[in-house]
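Chemist: What follows is a protein structure lacking sequence information:
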Ligand code: FRU
């Protein structure tokens, strides 16, 4: 017989495309494996804010005890989040924000800091002089506006650095390449690209390859995920010069959710740290990641063992009861 969960968490995810969002969900599931009393119901909005609003209302109708929301675009998703919040459902914003103060907690990186870090790193690399092309994420996403804002702020300290071109992506390479090709052809003075994520940075590398620019133009991305053709791997292969680490925060979101649900003390702002990943530390990070993966496998093995022991115990209990009654 299925046990009824003690807590139900609704998760409105803006999109499940790409490995970063998958890593977020894997992190949530990993943390939830320690809490069998919690049920998670995720709805994927497929990068559509209208749909995301409907799905948030659907989760509220279902009677979830808490909502985790990673909004596609800030403004359009705000009304549904505010409605839920005003009904007394705690809301945790994950990675991206709404345009409102009405939420219970935020979990994610500081995207302004991500932009500032990129600017400072580029200033050092280019000795404070050079021309930059910026590739932005989806225009309405808070991560886009904050990364851009931080980047502009960071660059303002270096009058010799100029953003001479901007290309708007949608966090993927779906529409990026034709526009980027044109921009790079129109701006042969560009020696640096700041891409709001590694995925678009990867696409930018391919465009540079086609244009014969890989020697002249260096690319910096954001995310720094492990795995083939992801940030760490791209830095290691020198396709990205660097990546600014931006954690998906799945585990932290669940941990914060549980504190809220159990009425334990929690912080409203839970900011995940960031670092620059480049050739000086990429190997160390990859090794650390491999270690985490193998420890995770150990934990899963132990959980399996525990489960089998519990089953053995339960069946022995049955035998024992039977012996006692006969
Ligand atoms: C994934 C993603 C990441 C990025 C984050 C910003 O959907 O685009 O690459 O860091 O979202 O919110």
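Modeler: Happy to help now that I have it. This structure is a prediction, so every number in the text was calculated from the model and none was measured.
Chemist: Near the ligand, which residues of the stretch 201-326 of the chain are found?
Modeler: 222-223, 246 (C-beta under 6 Å from any ligand atom). Placement of C-beta: from N, CA and C, glycine included.
Chemist: and these as a markdown table, adding neighbour count, distance to residue 214 and pLDDT?
Modeler: Conversion of these to a markdown table gives the following (neighbours: other C-beta atoms under 10 Å; distance: C-beta to C-beta, whole Å; pLDDT from 0 to 100):
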| residue | neighbour count | distance to residue 214 | pLDDT |
| --- | --- | --- | --- |
| 222 | 30 | 20 | 98 |
| 223 | 27 | 21 | 98 |
| 246 | 26 | 24 | 98 |
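Chemist: tell me the centre residue of the chain?
Modeler: The residue lying closest to the centre of the chain (C-alpha atoms, centre = their mean) is residue 248, at 3.1 Å.
Chemist: Hmm, that one is touching residue 23, no?
Modeler: Yes - between residue 248 and residue 23 there is a contact at 4.6 Å, judged by C-beta atoms under 8 Å.
Chemist: Just the element for residue 157, please.
Modeler: If you go by DSSP states H and E, residue 157 is not part of any helix or strand.
Chemist: Offset the numbering so it begins at 32, please.
Modeler: All set: I'll call the first residue 32, so the last point we hit is now residue 188.
Chemist: Can you list phi and psi of it for me?
Modeler: phi -80, psi -10 (degrees, to the nearest 10).
Chemist: Tell me how many other residues crowd residue 37.
Modeler: Other residues within reach of residue 37, judged by other C-beta atoms under 10 Å, total 13.
Chemist: Kindly report the same for residue 284.
Modeler: Residues near residue 284, counting by other C-beta under 10 Å, number 27.
Chemist: Same check on the one 4 residues further on?
Modeler: Counted with other C-beta under 10 Å, residues neighbouring residue 288 total 30.
Chemist: just residue 324 next, same as before
Modeler: 11.
Chemist: Could you check which helix or strand contains residue 148?
Modeler: Residue 148 belongs to helix 142-156, assigned by DSSP H and E.
Chemist: the strands in the stretch 32-181 of the chain, which residues?
Modeler: Taking DSSP state E, counting those that start in this stretch as the test, the strands found in the stretch 32-181 of the chain are 38-44, 69-75, 97-101, 122-125, 136-140, 161-167.
Chemist: Make a markdown table out of the ones you listed and add distance to the ligand.
Modeler: What follows is the strands of the stretch 32-181 of the chain, written out as a markdown table (distance: least, C-beta to the nearest ligand atom, whole Å):
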| stretch | distance to the ligand |
| --- | --- |
| strand 38-44 | 9 |
| strand 69-75 | 11 |
| strand 97-101 | 7 |
| strand 122-125 | 9 |
| strand 136-140 | 8 |
| strand 161-167 | 11 |
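Chemist: is it possible to export those to TSV including distance to residue 173, mean neighbour count and mean pLDDT?
Modeler: Listed next are the strands of the stretch 32-181 of the chain as TSV, based on distance: least, C-beta to C-beta, whole Å; neighbours: other C-beta atoms under 10 Å; pLDDT from 0 to 100:
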stretch	distance to residue 173	mean neighbour count	mean pLDDT
strand 38-44	15	24	98
strand 69-75	19	17	98
strand 97-101	10	26	98
strand 122-125	9	25	98
strand 136-140	9	23	98
strand 161-167	13	22	98
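Chemist: Let me have those strands in JSON lines, extended by distance to residue 60.
Modeler: Compiled in JSON lines, those are given as follows (distance: least, C-beta to C-beta, whole Å):
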{"stretch": "strand 38-44", "distance to residue 60": "11"}
{"stretch": "strand 69-75", "distance to residue 60": "8"}
{"stretch": "strand 97-101", "distance to residue 60": "13"}
{"stretch": "strand 122-125", "distance to residue 60": "14"}
{"stretch": "strand 136-140", "distance to residue 60": "16"}
{"stretch": "strand 161-167", "distance to residue 60": "31"}
